[in-house]
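*Asks:* sequence and predicted model, in that order:
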Amino acid sequence: MNRARREFLGRSGLALGSLALPPALGASAALPPPLAQLYTVRAAMQADVDGTLARVAAIGYRGVELAGLFDRPAREMRALLGRHGLAATSMHVPYAALERWDAALADATMLGCEFVVVPSLPEELRHDLDGYRHAAARLTEGARRARDAGLKFAYHNHDVEFVPLEGRLPFDVLLEATDPGLVHVELDIYWILRGAQDPDRYFNRWPGRVRLLHVKDTGGGPVHAMADVGAGIVDWPRLLAHARAAGAEHFIVEHDSAPDPFASLAASFAYLSRLRPAPPAPRRHRLRQSVARWTFKDVPLPELCRRARAIGLEGIDLLYPDEWAVARDAGLGCSLGYAARREHFIQDGFNDPARHPLLLAELEASIPGAAAAGVPSLIAMFGNRHGTPESADIEACVAGLARIAPLAERHGVNVCVELLNSKVNHPDYAGDHTAFGLAVVQRVASVRVKLLYDIYHMQIMEGDVIRTVQQAIPWIAHFHTGGVPGRHALDDAQELNYHAIARAIAETGFPGFVAHEFVAEHDPFAALAAAFRLFDV
């Protein structure tokens, strides 16, 4: 949270709001009525509470989330809300209010709130993970006392919780260290995307924990301008359907810096009121699986799609743009595509600035088509070193990938840069260890520029697969499998416990694809079916 907002909450006091939702969405069902976060109109509230509430209600809102009591006692604020047919179901309270928690809970009860929400942590607790762990203990105790008072408790994120500390995301550490039955989440979509993270991973990893959503749009990088809902890059029909399926109940509109706050609230309300998101397709499996096309190169693509679908796979990896429609027409999609057909694809990567014009032109031409074809990710390479130092390779990769990130964000397509071994298969490849890849994608800091973590390659280079995956998962968008040694089937002739790896990946909430990329020595489809069962966790 920025200083202005912290100071505003400190001056204003306490408060928040939200409305109960109907049961889970049916096909083409309307969303429940959106709520308004009154921080959006804070200047107007400071000047004229009654008139501001009247204007919010006139837009059509029936529930609000308060960000302060504006020097009004809780009883008077509740009466003012009621005069205009508004309900406050939650209230934001600063972390410091935990020192006077009984008073905060009494105000929340008087206001008729369902939730009290702490919207940020003090800066002095954000320097290391121990600070977040200390805060987690305080938040859990505050949540326990809220429960005893008949209230629910949530924590609201900004982007600072997604800046890596000690190799981890502080937000993950905070959620792991708090009681999941007591400390819920108010997930702010604008700030999590600005923090280069995927909301779906949190919906998957902690189902039922994200109970409130700040519905805020963004224009994407590099500026990250906040936008009215529906006017930015967010795929709201898909995201809100997934959020509801994961247990989100309250959808709260906010714009921190709208030129015309009331017009912004009205535009977002109109968009959400028209929205009819269909529910996500039911899924039996926690992990989405696919198969690399080249491992069945002698099988016609339609036949591969048919047999892969019968096994239970959802996609085919490593298809060229002219093959995407073939896979779709055969009943499966492309889970990871090439941007173009080209020799030296692996060797000529983003670590060579001279290659940037070619690589960027390929991706710029292919990303819109991938989005239209439903291809979630395109593959990219770090490239061979050719004698350059690692620091120069990292700088070049960051510079090139940062240029394509805004387009990838606008179209919702991942650019997945692959980690490969330089010991056996790809001598001189720059991206041959996880630390190199993390150094690049963390600096690019885009939700759409991530790693393709090839388990086969990284086992050869560094091992320690499960721990590495658990720590690096926020920056991984795709996996490849393969038996070590030899890239053969995932059987007992190779050295990895793939069933344990599959469980570890699934437990992170990973929303992307795991693609099997091995060459079986015997019956390839039997081996593929066995691999599918290993990852069907």
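*Replies:* That came through, no problem. Numbers count the residues shown, from 1 in each chain.
*Asks:* Arg355 contacts Gly383, doesn't it?
*Replies:* Yes. Counting by C-beta atoms under 8 Å, Arg355 touches Gly383, with 7.0 Å between them. Where you see a C-beta, it was placed from the backbone N, CA and C, and this is true even at glycine.
*Asks:* ok, the two, which is more surrounded?
*Replies:* Higher neighbour count among Arg355 and Gly383: Gly383, with 27 against 18, using other C-beta atoms under 10 Å.
*Asks:* quick one: contacts for that one?
*Replies:* Ile346, Gln347, Asp348, Gly349, Phe350, Asn351, Asp352, Arg355, Asp393, Tyr429, Ala430, Gly431 (C-beta atoms under 8 Å, 6 or more residues apart in numbering).
*Asks:* quick one, what contacts the second one?
*Replies:* Okay, so that is Gln347. Per C-beta under 8 Å, 6+ apart, neighbours of Gln347: Met381, Gly383, Asn384, Tyr429.
*Asks:* hang on, Leu80 in a strand?
*Replies:* No. The assignment for Leu80 by DSSP: H, G, I helix; E, B strand; the rest coil gives helix, which leaves it out of any strand.
*Asks:* grab the nearest non-local neighbour of Ala477.
*Replies:* With C-beta to C-beta, 6 or more residues apart in numbering as the criterion, Ala477 has its nearest non-adjacent residue at 3.5 Å, and that residue is Lys450.
*Asks:* that neighbour in helix, strand or coil?
*Replies:* At Lys450 the chain is in strand, as set by three-state DSSP.
*Asks:* correct me if wrong: it contacts Cys416.
*Replies:* Yes. Between Lys450 and Cys416 there is a contact under C-beta under 8 Å: 5.8 Å.
*Asks:* contacting residues for the residue nearest to Ala477?
*Replies:* Asn414, Val415, Cys416, Val417, Val441, Trp475, Ile476, Ala477, His478.
*Asks:* would you check that the fourth one makes contact with Ala439?
*Replies:* Right, the one you point to is Val417. No. If you go by C-beta under 8 Å, Val417 and Ala439 don't touch, sitting 11.6 Å apart.
*Asks:* so which of these two has more stuff around it?
*Replies:* Looking at Val417 and Ala439 with other C-beta under 10 Å, you find the greater number of neighbours at Val417, namely 26 against 18.
*Asks:* for the residue nearest to that one when sequence neighbours are not counted, give me the pLDDT.
*Replies:* Nearest residue to Val417, sequence neighbours excluded (C-beta to C-beta, 6+ apart): Ala380, at 4.8 Å. pLDDT recorded at Ala380 is 98.
*Asks:* circling back: sort out for me which of the contacts of Lys450 are in strands.
*Replies:* Cross-referencing those against strands under DSSP state E gives Asn414, Val415, Cys416, Val417, Ile476, Ala477, His478.
*Asks:* so what's the third one closest to, chain neighbours aside?
*Replies:* Leaving out its chain neighbours, the residue that sits closest to Cys416 by C-beta to C-beta, 6+ apart is Leu452, at 4.0 Å.
*Asks:* for that neighbour, which residues make a bridge with it?
*Replies:* On the basis of DSSP bridges, Leu452 takes part in beta bridges with Glu418, His478.
*Asks:* was I right to think it contacts Asn414?
*Replies:* No. Contact criterion C-beta under 8 Å: Leu452 and Asn414 do not qualify, at 9.1 Å.
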